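Chemist: I need the structure of the sequence given here:
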Amino acid sequence: MKKYTIPCLVVLTALFIIISITSLISNITALSSQDSSTKEIEGSKRNYADSLNTLPSVEQILERYIQAIGGREAIERLTSRVCTGKLIHDIPWRKPPYEEVPFEAYARTPDKSLYIEHRSDGIYKEVFNGKIGWTQDADSITIEESPKRSKLEFLMDSQGALHIENYFPGLTVAGKDTLYGREVYAVEPEGLKKAHYSCNFDVKTGMLIYIGYYWELLDYREVDGVKCPFRIAMSRKSGSSTYVFDEVKHNTSIDESLFIPPDTDEALEDPFRGIDDPKVLPMLKHLPYEHGGMNIPPQDGRFLYNLITKNDYTRGLEIGTSNGYSTLWLGLAFRKTGGKVITIEIESLRAKEAMENFRKAGLDHVIDTRINDAFEEIPKIEGDFDFVFMDVWKSDYIKFLRLLRDRIRPGGAITAHNVSSQSHSMQDFLDAIRNDPDLETTLHETSEAWISVSIKRE
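Modeler: Numbers count the residues shown, from 1 in each chain. Predicted coordinates:
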């Protein structure tokens with residue numbers, strides 16, 4: 001026994017010493033690593049803090065921008081700007097996919113602007129006269145009492161750089177960023193999406209080179225001592241649109257009459273002829289939004305009105321009420337035929353706004369408003385229809401067609417909006433109504449949007 005005891009004790013002692021030394025080395029290494037990590041974190045914090053401390057203020061960035069484009073004195077000498085050029089669309093899904101649209105723009109300090117496009121289907125306008133704004137095309141005029149100022153208005157304004165916060169309120173410096181390979185100071189407005197409205201100034205030059213992530217300001221040229229972009233490239237889904245300026249003039253006389261709001265009856269072909277209801281007529285000419293949305297043009301409303309009254313339809317369904325503009329046309333028509341229409345809107349605020357409009361128009365006894373998901377509500381409604389109008393998410397058109405096709409009375413109509421302007425989003429629906437042997441389908445160029453009419457064969 002003794003002969004084996006001594007070596008065992010020696011071995012155990014040696015193992016204990018080795019383990020102790022290893023533990024000691026490990027602890028020293030850990031402490032060293034922790035100290036190193038702490039130093040790195042602290043150094044990183046210091047670098048971040050130093051970076052924040054060296055960022056210029058909003059005022060400094062904007063003043064540098066003013067100097068970069070020509071200086072405050074030169075800008076203040078400009079009282080108006082007139083631009084001409086073309087808007088080039090290169091978007092594969094658009095019809096046509098490539099198009100050049102001539103445009104002209106007028107701006108007069110302090111806050112008046114007019115933008116005109118000469119489109120193939122007529123003239124399109126965007127106007128702000130310092131108090132109200134409106135858009136106008138061949139089909140409709142939409143007046144906005146408190147319009148949001150646009151990026152294009154800012155770029156057209158010869159003194160826009162001096163009062164940039166009128167267009168981008170509550171600007172704050174978000175930091176230094178790299179945008180498409182260029183270092184920028186990102187200055188963001190309050191309450192607007194930075195992807196669309198942040199102002200990105202080149203760190204090296206001080207120039208504004210991006211508005212949001214999708215508007216790139218290119219080819220700055222000096223005109224009357226002030227630099228302005230002669231090309232504005234806008235990234236779009238699967239394509240692009242680009243403003244190319246041919247000419248920019250300053251301090252030219254602009255006719256004041258350009259900023260006078262148009263009279264609807266004089267500006268458009270009269271879709272209201274024969275509509276003499278004193279409550280409804282003013283609402284058909286102008287129905288403001290309280291909770292956002294989009295409405296059909298008056299010409300489209302009159303087309304639907306004529307379709308209903310001509311065929312003496314008496315039971316209608318509308319999918320997508322918005323604030324009730326299209327429904328007013330339908331309600332007028334069904335009141336004339338002695339029928340009624342059900343309209344379905346998923347957004348409760350819009351639906352309630354529409355219901356109030358129907359009450360004011362005296363049509364609430366003709367219009368039955370349902371606040372619900374249409375896919376849930378339609379199966380609850382009993383009976384068939386002789387008229388259906390769809391103006392909702394275009395990808396859902398095919399689903400509603402399948403849901404309603406067999407509930408349309410012989411001679412009844414399924415109608416749908418935007419079948420030209422948004423055809424890329426409903427190709428399956430368009431193929432279905434064209435190829436269904438029980439439906440006789442025609443497309444009507446009532447406006448830029450177009451309306452499809454599918455009559456159920458007898």
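
Chemist: can we go C-alpha only for contacts and neighbour counts from here?
Modeler: OK.

Chemist: and residue 310, which of the three is it?
Modeler: Recorded secondary structure, residue 310: helix (DSSP: H, G, I helix; E, B strand; the rest coil).

Chemist: gap between it and residue 212?
Modeler: 50 Å (CA to CA, to the nearest Å).

Chemist: which one's more surrounded, the two?
Modeler: Ranked by neighbour count (other CA atoms under 10 Å), residue 310 and residue 212 place residue 212 first, with 19 against 11.

Chemist: what's near enough to touch that one?
Modeler: Residues near residue 212 by CA atoms under 8 Å, 6 or more residues apart in numbering: 194, 195, 196, 197, 198, 199, 200.

Chemist: what's the spacing between the last one and residue 69?
Modeler: Think residue 200. The gap separating residue 200 from residue 69 is 15 Å, by CA to CA.

Chemist: neighbour count: those two, which is higher?
Modeler: Using other CA under 10 Å as the criterion, residue 200 and residue 69 rank with residue 200 on top: 26 against 22.

Chemist: what residues are up against the more buried one?
Modeler: Residue 200 is in contact with 184, 185, 186, 187, 208, 209, 210, 211, 212, counting by CA under 8 Å, 6+ apart.

Chemist: the closest residue to the third one other than its chain neighbours: what secondary structure?
Modeler: Right, residue 186. Ranked by CA to CA, 6 or more residues apart in numbering and with sequence neighbours excluded, the top spatial neighbour of residue 186 is residue 200, at 4.7 Å. Assigned with three-state DSSP, residue 200 falls in the strand class.

Chemist: any idea what residue 200 is bridged to?
Modeler: For residue 200, the beta-bridge assignment (DSSP bridges) gives partners residue 186, residue 210.

Chemist: on that earlier part again, possible to save the contacts of residue 200 as TSV with pLDDT and distance to residue 360?
Modeler: Below are the contacts of residue 200 laid out as TSV (pLDDT from 0 to 100; distance: CA to CA, whole Å):
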residue	pLDDT	distance to residue 360
184	96	52
185	97	51
186	96	47
187	96	45
208	97	48
209	97	49
210	96	46
211	96	42
212	92	41
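
Chemist: quick check: the gap between the most centrally placed residue in the chain and residue 236.
Modeler: For the chain, the residue nearest the mean C-alpha position is residue 196 (9.6 Å; CA atoms, centre = their mean). Residue 196 sits 12 Å away from residue 236 when distances are taken as CA to CA.

Chemist: and what of residue 143?
Modeler: Distance, residue 143 to residue 236, using CA to CA: 27 Å.

Chemist: which of the two has more neighbours?
Modeler: Counted by other CA under 10 Å, residue 143 and residue 236 do not tie: residue 143 has more neighbours, with 20 against 13.

Chemist: wait, doesn't the more buried one sit right on residue 133?
Modeler: Yes. Between residue 143 and residue 133 there is a contact at 6.0 Å, judged by CA atoms under 8 Å.

Chemist: okay, helices next: where are they in the stretch 1-150 of the chain?
Modeler: With helices called from DSSP state H, counting those that start in this stretch, the stretch 1-150 of the chain shows them at 2-54, 58-69, 72-76.

Chemist: which phi and psi does residue 357 have?
Modeler: Residue 357 adopts backbone torsions of phi -60, psi -40, taken as degrees, to the nearest 10.

Chemist: can you pull the contacts of it?
Modeler: 323, 324.

Chemist: 10 Å instead, please
Modeler: Residue 357 is in contact with 280, 283, 287, 323, 324, 325, 327, 328, 351, 363, 364, counting by CA atoms under 10 Å, 6 or more residues apart in numbering.

Chemist: name only those of the residues you listed that count as buried.
Modeler: Using 16 or more other CA atoms under 10 Å as the burial test, the contacts of residue 357 include 280, 283, 323, 324, 325, 327, 328, 351, 363, 364 as buried.

Chemist: can you report phi and psi for the last one?
Modeler: Yep, that's residue 364 we're talking about. Dihedral angles of residue 364 (phi, psi; degrees, to the nearest 10) stand at phi -70, psi -20.

Chemist: what's the local residue count around the nearest residue to it once chain neighbours are set aside?
Modeler: Nearest residue to residue 364, sequence neighbours excluded (CA to CA, 6+ apart): residue 358, at 5.0 Å. Residue 358: 25 surrounding residues under other CA under 10 Å.

Chemist: centre of the chain versus the helix or strand where residue 358 lies, how much separation?
Modeler: Assigned by DSSP states H and E, residue 358 belongs to helix 348-361. Counting by CA atoms, centre = their mean, to the nearest Å, helix 348-361 is centred 24 Å from the centre of its parent chain.

Chemist: average pLDDT for the helix or strand just after it?
Modeler: The helix or strand immediately downstream of helix 348-361 is strand 367-371, counting by DSSP H and E. Regarding strand 367-371, the rounded mean pLDDT is 97.

Chemist: and the angle for strand 367-371 with helix 348-361?
Modeler: Strand 367-371 runs at 170 degrees relative to helix 348-361, counting by axes from the mean of the first three to the mean of the last three CA atoms, to 10 degrees.

Chemist: return the distance of strand 367-371 from the chain's centre.
Modeler: 27 Å.

Chemist: and stretch 286-305, by the same measure?
Modeler: 18 Å.

Chemist: buried sites along it?
Modeler: Buried residues in stretch 286-305, counted by 16+ other CA under 10 Å: 286, 289, 295, 296, 297, 298, 299, 300, 301, 302, 304, 305.

Chemist: what do you get for stretch 126-143?
Modeler: Buried-residue list, stretch 126-143, by 16+ other CA under 10 Å: 126-129, 132-143.

Chemist: what's the farthest-apart pair in those?
Modeler: 129 and 139 (21.5 Å; CA to CA).

Chemist: need the residues touching each of residue 143 and residue 133.
Modeler: Shared contacts of residue 143 and residue 133, defined by CA under 10 Å, 6+ apart, comprise 127, 261.

Chemist: please report how far residue 145 lies from residue 214.
Modeler: Residue 145 is 28 Å from residue 214, by CA to CA.

Chemist: also residue 335?
Modeler: From residue 335 to residue 214 the distance is 48 Å (CA to CA).

Chemist: ok, residue 401 next?
Modeler: Using CA to CA, one obtains 36 Å as the distance from residue 401 to residue 214.

Chemist: then residue 423?
Modeler: For residue 423, the distance to residue 214 equals 24 Å [CA to CA].

Chemist: looking at these two, which one has more neighbours?
Modeler: More crowded of residue 423 and residue 214, by other CA under 10 Å: residue 423, with 20 against 16.

Chemist: the more buried one and residue 397 touch, don't they?
Modeler: No. The criterion here is CA atoms under 10 Å, and residue 423 misses it with residue 397 at 11.0 Å.

Chemist: what touches both of these two?
Modeler: 417, 429, 430.

Chemist: so of the residues you listed, which ones are in helices?
Modeler: Mapping the shared contacts of residue 423 and residue 397 onto helices (DSSP state H) picks out 429, 430.
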